[in-house]
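S.K.: Build me a structure from this.
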Amino acid sequence: MKTLLRNCIYQGKNVYRDMGFLFWGLIYPIILVSFFYIAFSGISNIGLEDIDIGMERENPISAILETIDMVNIVEVPRKDANRNLAEGNIDGFIDEDLNILVNDSGINQTMIKGIVEQIKQMNSLNRPMENYDFEANYIADRDQEANGILVIFYSLIGMVSTYSVFAGIETVSLAQGNLTNIGARLNITPLKKKDFLFAGIIVALAFNLLANGLLLLFIEFVLKMNLLREARYSLALIILGNIFGVSLGIFIGASNKQSIGVKTMFAIASTLFLSFLSGLMSPDIKIILDKNLPILGRINPLAIIGNSLYRVNLLGNTKDVGVGMALLTLYSIILIFGAYMFLRRRNYDSI
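M.R.: Got it, this is the predicted structure:
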């Protein structure tokens, strides 16, 4: 225990002095989430606008639409409907047979179609229209659509939770005699590499979890975004993301003889590529991949973290969280075992 504590203190000092880790693990995530907030704040706070619906005076559904606050009824003769649509005076026109005329494609036109479809359904069920709250239903649907942009922020949290990869690379590099003077001295001492690596894993997790905590506090109290509403599952996913990140860093550091700089660039490229596949760069990428290659979303560790955080915190769905956690744990075990196999066979003719 005393040896472990001494190794942790020693490695903690090395990580603290590593400017690359401090930038990528602490400063860069705050800069990135700030840019994302500025870019998407207008999108994620979309407000509902009034819908101008044209119809003739004798249309039987006019009394129904008058009960919806967001709808403005504009009396328009059928023959003037196309002109008013082209001039933008109305968003859509509904005739007596509940046929819809539109001149554009947008949110208002989609909502008009939804209202008419629900009126048709109510008519087919012979239910009185006054028993149905159109306004409340559509406000709920629109808010849920606006929340879809938050997938990007959950993907960002998933990405930075794996930034322990940099501390993992630093840890394993200290144990390699061909990369650092410390590694050279370590390889001629009786100190066991596995004890040194275990201490490095603890330090890497501690530092990156601290950085994650500061980022979440920044999001909560500075950006005023309440993303983590389910603390238990969210914390477990972030911790597993950190464990996966440090495992990946140790594997990258142990699997080749390149310099620390090259290994760091490879780690950056790996995390960015996995983040790209998880929808961080654009929600459209995620939609396309989920439609054509859904298996990628199920096995991509960053997609597992981001999707699980989104489902748990916004949708209250914990159905597949256990499977995702099990996969992250399995990935970490495989990476650590692979790194150990690389390191245990590594010997030096001269140091």
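S.K.: domains for this structure, by residue range?
M.R.: Domain ranges of the chain: 2-44+147-344, 51-132, per automatic domain parsing.
S.K.: highest average neighbour count across these?
M.R.: Greatest average neighbour count among those goes to domain 2-44+147-344 (a mean of 18), per mean count of other CB atoms under 10 Å. For glycine as for every other residue, the C-beta is placed from the backbone atoms N, C-alpha and C.
S.K.: Looking at that one now, give me its mean pLDDT.
M.R.: Confidence over domain 2-44+147-344, taken as the mean pLDDT, stands at 82.
S.K.: Pretty sure residue 211 sits in a strand.
M.R.: No: secondary structure of residue 211 (DSSP: H, G, I helix; E, B strand; the rest coil): helix, not part of a strand.
S.K.: So it sits against residue 26, correct?
M.R.: Yes: Residue 211 is within contact range of residue 26, at 4.5 Å (criterion: CB atoms under 8 Å).
S.K.: helix or strand for the residue most central in space within the chain, which one?
M.R.: Centroid-nearest residue in the chain, with CA atoms, centre = their mean: residue 155, separated by 1.8 Å. Assigned by DSSP states H and E, residue 155 belongs to helix 150-161.
S.K.: same check, this time on residue 69
M.R.: With DSSP H and E as criterion, residue 69 is part of no helix or strand.
S.K.: Now do the phi/psi pair for it.
M.R.: Main-chain dihedrals, residue 69, degrees, to the nearest 10: phi -60, psi -30.
S.K.: follow-up on the earlier one: how about residues contacting the helix holding residue 155?
M.R.: 25, 29, 32-33, 36, 40, 44, 208, 211-212, 215-216, 219, 225, 227, 237-238, 241-242, 245, 271, 274-275, 278-280, 283, 286, 302-307, 309-310, 313-314 (CB atoms under 8 Å, 6 or more residues apart in numbering).
S.K.: rerun at 7 Å
M.R.: 29, 32-33, 36, 40, 44, 212, 215, 227, 238, 241-242, 245, 271, 275, 278-280, 283, 286, 302, 305-306, 309-310, 314 (CB atoms under 7 Å, 6 or more residues apart in numbering).
S.K.: Please list the members of the residues you listed that lie in helices.
M.R.: Mapping these onto helices (DSSP state H) picks out 29, 32-33, 36, 40, 44, 212, 215, 238, 241-242, 245, 271, 275, 283, 286, 302, 305-306, 309-310.
S.K.: For the stretch 1-150 of the chain, which segments count as strands?
M.R.: 51-55, 71-75, 92-94, 100-101 (DSSP state E, counting those that start in this stretch).
S.K.: Could you verify my assumption that residue 169 touches residue 266?
M.R.: No: using CB atoms under 7 Å, residue 169 is not in contact with residue 266, being 8.9 Å away.
S.K.: shared neighbours, the two?
M.R.: Taking CB under 7 Å, 6+ apart as the contact rule, residue 169 and residue 266 both touch residue 252.
S.K.: now the helices for the stretch 1-150 of the chain?
M.R.: 2-17, 19-22, 28-44, 62-65, 81-87, 107-124, 134-146, 150-161 (DSSP state H, counting those that start in this stretch).
S.K.: Just put these in TSV and tack on distance to residue 297.
M.R.: Listed next are those as TSV, based on distance: least, CB to CB, whole Å:
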stretch	distance to residue 297
helix 2-17	33
helix 19-22	30
helix 28-44	21
helix 62-65	41
helix 81-87	40
helix 107-124	26
helix 134-146	20
helix 150-161	11
